[in-house]
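**Student:** Sequence plus predicted model, see below.
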Amino acid sequence: MQSLADVQRALRDAIVLRQPLADDLIDGSRAQAKRRLAVHANHFRKSLTGTLAKTFPAIVSLVDEKFFAYCADAFIDAHPPQHPCLFNYGADFAQFVASFAPCAALPYLADVARLEWDMHAVFHELPADRTSAPRWLGRCVRLLQSPYPIDRIWQVARGHAHGSVDLEAGGSALAIYRDGDDVSISALSPAASGFLSDVRLGRPLIGAIAAARMLDPTFSIASRIPNAVAAHLRLTDPSAET
């Protein structure tokens, strides 16, 4: 007789991974069991697809709901949930989009997904990996660079701006941060972006400021870095020049 844990694992694999149930777990006809499992599997996938759509609304707008559902279904197969809280689901979605062949015609799509995940993560104060933000930025700030104008793409896709987007307009360097009860996005100058990138790589603040002033002699944390981001710098190193 199988243990409760074994039965639960088998049911999970049947619903999440679409694996067949063993005969000794079926009481009645296999066809009836298959229909019942299909109901649970369908609810499982619809719930996760809905969660992804709420986290990545600009992506839904850019590719339409039908294609997004197709993409989400493939993502769920490749990355089933590993955490009980749904707002943690989707951290790997941008990376998946970048390698998903049907999305290849939209090379900016993965970076827009990264932007939306960073906004979601900052709002919920999810922990960042070491490539997303240095320790002093904590859970309230993310940094993102892209060769595409993803902030403009996001604004148009979400209806916050109108008109077309020139993909040749240049890249973007963004700070995504919690500002009170909201999430804000600020475009960073080359000096500000270089400064934050240097600190992310472990360079001392004073050295990072000096390097930034090679690009912009007027650079200061107070004038070139959003206040909500600068506050984290001051908490860590109040003696740094601003």
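**Tutor:** Happy to help now that I have it. Residues are numbered from 1 along each chain as shown.

**Student:** And the pLDDT for Leu137?
**Tutor:** Leu137 carries a pLDDT score of 56 in this model.

**Student:** Okay, Ala78 and Asp92: tell me how far apart.
**Tutor:** Ala78 sits 8 Å away from Asp92, going by CB to CB, to the nearest Å. Bear in mind the C-beta positions are built from the backbone N, C-alpha and C, glycine included.

**Student:** do Pro190 as well
**Tutor:** 30 Å.

**Student:** Name the residues that touch the longest strand seen in the chain?
**Tutor:** The longest strand of the chain (DSSP state E) is strand 172-179. Strand 172-179 is contacted from outside by 115, 118-119, 122-123, 125, 140-146, 148-152, 183-190, 192-193, 196, 225-226, 228-229, using CB atoms under 8 Å, 6 or more residues apart in numbering.

**Student:** What is the helix or strand just after that strand packed up against?
**Tutor:** The C-terminal neighbour of strand 172-179 among helices and strands, as given by DSSP states H and E, is strand 182-187. Packing contacts for strand 182-187, counted by 3 or more CB pairs under 8 Å, 6 or more residues apart in numbering; DSSP states H and E, involve helix 109-124, helix 150-157, strand 172-179.

**Student:** Can you name the next helix or strand after strand 182-187?
**Tutor:** helix 190-200.

**Student:** Mind listing what's buried along that next one?
**Tutor:** Neighbour-count burial for helix 190-200, counted by 16 or more other CB atoms under 10 Å, picks out 191-200.

**Student:** Out of the residues you listed, the closest to Phe96 would be?
**Tutor:** For the buried residues of helix 190-200, the residue nearest Phe96 by CB to CB is Arg200; the value is 24.1 Å.

**Student:** correct me, but that closest one touches Arg142?
**Tutor:** No - with contact defined as CB atoms under 8 Å, Arg200 does not count as touching Arg142 (10.6 Å).

**Student:** what's the angle from the longest helix anywhere in the chain to helix 109-124?
**Tutor:** Longest helix in the chain, counting residues (DSSP state H): helix 30-55. Interaxial angle of helix 30-55 relative to helix 109-124 (axes from the mean of the first three to the mean of the last three CA atoms, to 10 degrees): 80 degrees.

**Student:** From the contact counts, what lies against the helix or strand following helix 30-55?
**Tutor:** Note on helix 30-55: by DSSP H and E, the next helix or strand toward the C-terminus is helix 57-63. The criterion is 3+ CB pairs under 8 Å, 6+ apart, and the helices and strands that helix 57-63 contacts are helix 65-78, helix 109-124, helix 150-157.

**Student:** In JSON lines: these, plus mean pLDDT, distance to Met214 and mean neighbour count.
**Tutor:** Shown next, in JSON lines, are the helices and strands packed on helix 57-63 (pLDDT from 0 to 100; distance: least, CB to CB, whole Å; neighbours: other CB atoms under 10 Å):
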{"stretch": "helix 65-78", "mean pLDDT": "95", "distance to Met214": "42", "mean neighbour count": "16"}
{"stretch": "helix 109-124", "mean pLDDT": "94", "distance to Met214": "27", "mean neighbour count": "22"}
{"stretch": "helix 150-157", "mean pLDDT": "96", "distance to Met214": "26", "mean neighbour count": "21"}
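
**Student:** and of those helices, who's closest to Arg9?
**Tutor:** Minimum separation from Arg9 across the helices and strands packed on helix 57-63 (CB to CB) falls at helix 65-78, 18.1 Å.

**Student:** Count the residues that sit near Arg36.
**Tutor:** 11 (other CB atoms under 10 Å).
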